[in-house]
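Trainee: next come a sequence and a model predicted from it.
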Amino acid sequence: MAEKALNKAVEIAAIGKSGYYRALARNYISQHWFKEALELAKSSRAMGSGLQESRKLLFDVHMELGN
């Protein structure tokens, strides 16, 4: 249900979308969907908001993927 709510938030958010991408990526990490989490983390970083948090998230995802 969390995934569904976060996907809906990403669709309708006008501001703070980067945070929703990060939250959804963390949700995907917990489900072991690392490739999907990587794409969301990259999208979050590209938005330019919360760069430090996005970098930490990217580190976590790359570590899980063995990169």
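Mentor: Looks like it arrived, so ask away.
Trainee: any low-confidence regions in the chain?
Mentor: Across the chain, nothing is flagged by pLDDT under 70.
Trainee: which residues in it form helices?
Mentor: Secondary structure of the chain, counting by DSSP state H: helices at 2-12, 17-30, 34-47, 51-65.
Trainee: and the shortest one, what does it pack against?
Mentor: Think helix 2-12. helix 17-30 (3 or more CB pairs under 8 Å, 6 or more residues apart in numbering; DSSP states H and E). C-betas here are computed from N, CA, C, even on glycine.
Trainee: what sits up against the helix it packs on?
Mentor: With contact meaning CB atoms under 8 Å, 6 or more residues apart in numbering, helix 17-30 is reached by 2-3, 6-7, 9-10, 13, 34, 36-38, 40-41, 43-44, 47-50, 53-54, 57, 60-61, 64.
Trainee: contacting residues for residue 16?
Mentor: By CB under 8 Å, 6+ apart, the contact set of residue 16 is residue 49.
Trainee: please check the contacts of helix 17-30 and keep the buried ones.
Mentor: 6, 9-10, 34, 37-38, 40-41, 43-44, 50, 54, 57, 60-61 (16 or more other CB atoms under 10 Å).
Trainee: and residue 49, its phi and psi?
Mentor: Backbone geometry at residue 49, expressed as degrees, to the nearest 10, gives phi -100, psi 130.
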